[in-house]
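Colleague: My questions concern the predicted model and sequence given below.
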Amino acid sequence: MTLTDVIEVLEAAYPPARAESWDAVGLVSGDPAQPVRRVLFAVDPVAAVAQEALDWGADLIVTHHPLYLRGTTTVAATTPKGRLVHTLIKNDVALYTAHTNADVANPGVSDALARAVGLTGDLVPLQPFPDDPWRGLGRVGELPERTTLGEFAALAAKGLPHTPSGIRVAGDLSRPVSRVAVSGGAGDSLLGGAAAAGVDVFLTADLRHHPASEFVESGGPALIDAAHWATEWPWLDSAASILRESGVTVETRVSAAVTDAWTRGY
Ligand SMILES: [Zn+2]
């Protein structure tokens, strides 16, 4: 298999044209003609992940987050990102990113998150594309049975990979919960959509004090704020499965390196 074969599968599942205009998705480094036998999936293109790729003998790293989101004038090894580019090229490891195009795909990042926290049955986008009701940001679904906010939070914490910052809850813990909205990564922009969707709780990441406080004060759904990395990590297995099931004969591995920015809670 060549890098081109693998990219073809990834781009069918996560069309780059669906990425946000500010995003930077696709091939970051690597030669489309190079052979690919082992593919490592990770959330972040950081040094620990590059090291894991070298240790395992990966030919390609597929990450959710872009390495360079804005333009750069240097890839000198004097910066962490430049150093990473050097490490990858010297060792023939390609880097490919599926970011907002993976967020809006079906199945995408929030589908995997929804399943990880226990949602079953149909999932619909929280903010569907005007031209496609089955694709878009966030997902809304139902729990198999009604529970409380406290119990759902415990279920979510168990279903997501552990991080030092854990998960935080805003709302009455005894509040009944059955209809849930989720969005992988920073979900601030979807607060209004979650309120309008009539859900009992909205689970996302990177919520800030004022928007969260005002949201709960106004009688909106309860909020669960998880670690950014943890909300996107479940997607890695989904992307790896799509690649394996496509017929391309590659070995896949999901990085277990916890690359969330917050490394310790007290
Ligand atoms: Zn993210």
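Modeller: Cool, the structure landed. Numbers count the residues shown, from 1 in each chain.

Colleague: can you give me the strands for this protein?
Modeller: Along the chain, counting by DSSP state E, strands occupy 26-29, 38-42, 60-63, 94-97, 120-129, 132-148, 168-170, 176-186, 201-205, 222-226, 251-254.

Colleague: Could you dump those into CSV with mean neighbour count, distance to residue 109 and mean pLDDT added?
Modeller: Backbone N, C-alpha and C define where each C-beta goes, glycine included. Converted to CSV, these look like this (neighbours: other Cβ atoms under 10 Å; distance: least, Cβ to Cβ, whole Å; pLDDT from 0 to 100):
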stretch, mean neighbour count, distance to residue 109, mean pLDDT
strand 26-29, 18, 17, 98
strand 38-42, 24, 12, 98
strand 60-63, 26, 12, 98
strand 94-97, 24, 13, 98
strand 120-129, 16, 12, 96
strand 132-148, 17, 9, 97
strand 168-170, 17, 20, 97
strand 176-186, 23, 4, 98
strand 201-205, 27, 11, 98
strand 222-226, 24, 13, 98
strand 251-254, 18, 14, 98
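
Colleague: Out of those strands, the one nearest residue 245 is which?
Modeller: strand 251-254 (10.5 Å; Cβ to Cβ).

Colleague: what residue is smack in the middle of this structure?
Modeller: Taking Cα atoms, centre = their mean, the centroid of the chain lies closest to residue 232, which sits 2.6 Å from it.

Colleague: which residue sits closest to it, ignoring its sequence neighbours?
Modeller: Once flanking residues are discounted, residue 232 sits nearest to residue 184: 4.6 Å by Cβ to Cβ, 6 or more residues apart in numbering.

Colleague: ok, which stretches of the stretch 1-150 of the chain are helices?
Modeller: Shown for the stretch 1-150 of the chain, the helices assigned by DSSP state H, counting those that start in this stretch span residues 3-13, 47-56, 80-90, 100-103, 109-116, 149-159.

Colleague: Give me the angle between the first one and strand 38-42.
Modeller: Note on geometry: by axes from the mean of the first three to the mean of the last three Cα atoms, to 10 degrees, helix 3-13 and strand 38-42 are set 40 degrees apart in direction.
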